[in-house]
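1. Here is my input; please provide its structure:
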Amino acid sequence: MKNEQQMHSKTGYRDMEIKEMIYLQEDFLEDFGFELDPSLLHYTKSFSEGKQILFFHHIQNPDANYLEIQLGIRFDRVEEIINQFLPSLGNFRDKSVTHVIPINQIDRNMPKRFYLQNDFEVNDILKRIEAFLVKDGFHWLDKYTVPENMEFLFNKNPDQELTTQNFTYRSARAITLCKLYNEAEYEVTKRAYLDKLKEMMVTPFTLASFLNLLNHLENLD
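-> Next up is the predicted model:
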């Protein structure tokens with residue numbers, strides 16, 4: 001019982017320390033236009049069609065703690081459309097993100113997550129995060145805030161997996177982005193995703209949801 005109490009105490013202290021780390025980024029990120037959402041412990045920056053998001057995920061294990069940083073972009077209209085046709089719980093449609101990427105997929109020299117071993121590492125970790133954001137992270141966010149760039153990322157290769165979302169959501173976002181921002185390629189792109197869904201032998205419900213989405217997109221004002 002004593003060991004269990006010690007473990008919970010250590011874990012609670014570390015959890016508090018993680019929050020302090022995230023708050024330490026506030027001044028730095030405010031200089032680049034980001035605001036802290038204290039309820040979710042992530043930072044957001046609005047643009048005309050949505051928002052950029054910096055996620056700080058605390059991964060807690062009994063014997064170790066990790067901090068994982070991800071970058072995300074939400075296009076409001078895309079998310080509002082697709083969540084009418086996908087199984088969404090509660091207010092998920094207000095929080096869903098069009099694309100999320102771990103930092104190691106932007107810079108291969110960055111770890112997927114930071115191992116938090118002791119307090120002395122905190123400043124070094126924060127400096128690495130800040131250096132990455134200034135060098136590559138903010139540039140990635142600004143690049144894919146342009147909707148045509150996001151559309152190309154999704155549709156240059158319909159077979160390409162996006163590690164943070166399953167194919168049902170990926171295909172819905174992809175075809176919606178195409179209809180809104182690259183309509184000239186819509187018919188070709190639609191056929192590619194229909195062929196892929198049939199090849200994957202998705203459930204009748206999944207296919208019907210996609211067909212209903214297509215019907216909606218093709219009748220937009």
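2. mind giving me the domain split of this structure?
-> 2-145, 151-217 (automatic domain parsing).
3. Not counting stretch 32-50 itself, show me its contacts.
-> 19, 22-23, 25-26, 29, 51-56, 73-79, 98, 133, 138, 141, 145, 147 (Cβ atoms under 8 Å, 6 or more residues apart in numbering). Heads up, the C-betas are built off the backbone N, CA and C, glycines and all.
4. Quick one: low-confidence residue ranges for this protein.
-> Residues of the chain meeting the criterion pLDDT under 70: 1-17, 88-91, 118-120.
5. helix, strand or coil for the residue most central in space within the chain?
-> Among the residues of the chain, the one closest to the centroid is V100, at 2.2 Å (Cα atoms, centre = their mean). Of the three states, V100 takes strand under DSSP: H, G, I helix; E, B strand; the rest coil.
6. and it, what does it touch?
-> Residues near V100 by Cβ under 8 Å, 6+ apart: 53, 55, 70-72, 164-165.
7. Same check on P158?
-> Contacts of P158 by Cβ under 8 Å, 6+ apart are 171, 174, 189, 192-193, 196.
8. Which helix or which strand is home to it?
-> Per DSSP states H and E: P158 is located in neither a helix nor a strand.
9. Distance check, it against E185.
-> P158 sits 11 Å away from E185, going by Cβ to Cβ, to the nearest Å.
10. What's opposite the residue nearest to the centre of the chain in the beta bridge?
-> On the basis of DSSP bridges, V100 takes part in beta bridges with G72.
11. The closest residue to I18 other than its chain neighbours: neighbour count?
-> Using Cβ to Cβ, 6 or more residues apart in numbering and skipping residues adjacent in sequence, the residue nearest I18 is H58, 4.4 Å away. Counted with other Cβ atoms under 10 Å, the neighbours of H58 add up to 18.
12. partner residues bridging H58?
-> Each beta-bridge partner of H58 is listed here: L67, as defined by DSSP bridges.
13. dump the residue contacts of it.
-> Residues counted as contacts of H58 (Cβ under 8 Å, 6+ apart) are 15, 18, 65-67.
14. Can you pick out the most distant pair from those residues?
-> Put simply, by Cβ to Cβ the two of those set farthest apart are D15 and Y66, 12.3 Å from each other.
15. who has more neighbours, those two?
-> A count of neighbours by other Cβ under 10 Å puts Y66 above the other of D15 and Y66, at 16 against 13.
16. Y169 reaches I82, doesn't it?
-> Yes - contact criterion Cβ atoms under 8 Å: Y169 and I82 qualify, at 7.3 Å.
17. Among the two, which residue is more densely surrounded?
-> Set Y169 next to I82 and count neighbours by other Cβ under 10 Å: I82 wins out with 26 against 17.
18. Quick check: closest non-adjacent residue to the more buried one.
-> In space, I82 comes closest to A172 once its chain neighbours are excluded; the distance is 4.3 Å by Cβ to Cβ, 6+ apart.
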